[in-house]
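> Okay, sequence plus prediction incoming.
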Amino acid sequence: MGGKLVRAPVDFSQPAKILDSGTADGTWLLDLATSLPPLSAGTHEFVGTDLNLAPFPQSTPQNVTFTVQNIKKPWPESQHDQFDLVHQRLTILGAGPNPSPSISHLYSIVKPGGWVQISEGTMDFPPDIVNEDRTPAYSDMLRLM
């Protein structure tokens, strides 16, 4: 993403609520949390969700939380229209053959005027790193995708 964590024109000079859906170990979310300058009033709120809680970090800043959520399922009504920025990586991989409902679920939780930022991998790898001999299972997965 050109060296940027956020491409959407979010105003981070005011407190914002940011979701990283499919957060895994929270790397993107924590990188964003530490890269934003402090606010003169209030704080940003960072939420990371994933289907599996095992990789969630054990220790986080006070304004960072992690919870379980499946992108294939609707979000709780209490989360609708709550987020200034919703970030999702690898939606197509996580959502399966029909990603449309998962994308709709993300749009249900973004505030009016907020942003949904979706980034997908290119799945292009140098042949000396990913190839039939060196990474046969991964090569099979790429073919299936």
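That came through fine.
> Looks to me like residue 24 is in a helix.
No - in this structure, residue 24 is coil, not part of a helix, as judged by DSSP: H, G, I helix; E, B strand; the rest coil.
> count of residues packed around it?
Around residue 24 there are 17 other residues, counting by other C-beta atoms under 10 Å. In short, each C-beta sits where N, CA and C put it, glycine included.
> separation between it and residue 88?
Distance from residue 24 to residue 88, counting by C-beta to C-beta, to the nearest Å: 12 Å.
> Longest strand in this structure, please.
In the chain, with assignment by DSSP state E, the single longest strand is strand 110-119.
> Show me what that one is packed up against.
The contact analysis (3 or more C-beta pairs under 8 Å, 6 or more residues apart in numbering; DSSP states H and E) places strand 110-119 against strand 83-89, helix 100-109.
> Can you tell me which helix or strand of this structure has the lowest average pLDDT?
Every helix and strand of the chain was ranked by mean pLDDT, DSSP states H and E. The lowest is helix 91-95, at a mean of 70.
> returning to what we had before: show me how far whichever helix or strand comes after the longest strand of the chain is from its chain's centre.
Next along the chain after strand 110-119, taking DSSP states H and E as the criterion, comes helix 136-144. In terms of C-alpha atoms, centre = their mean, to the nearest Å, the centre of helix 136-144 is found 24 Å from the chain centre.
> Over to stretch 58-76?
Centre-to-centre, stretch 58-76 and its host chain are 10 Å apart (C-alpha atoms, centre = their mean).
> cool, stretch 61-79 as well?
With C-alpha atoms, centre = their mean as the basis, stretch 61-79 stands 11 Å off its chain's centre.
> Stretch 119-130 now?
Offset of stretch 119-130 from its chain centre (C-alpha atoms, centre = their mean): 20 Å.
> quick one: average confidence on that stretch?
Stretch 119-130 shows an average pLDDT of 79 in the prediction.
> go on, stretch 100-112?
Mean predicted lDDT for stretch 100-112 stands at 93.
> Buried residues, that stretch. List them.
Of the residues in stretch 100-112, 102, 105-106, 109-110 count as buried by neighbour count, 16 or more other C-beta atoms under 10 Å.
> do the same with stretch 73-83
75, 79, 82-83.
> Quick one: neighbours of residue 115, just the number.
Residue 115, neighbours per other C-beta under 10 Å, totals 17.
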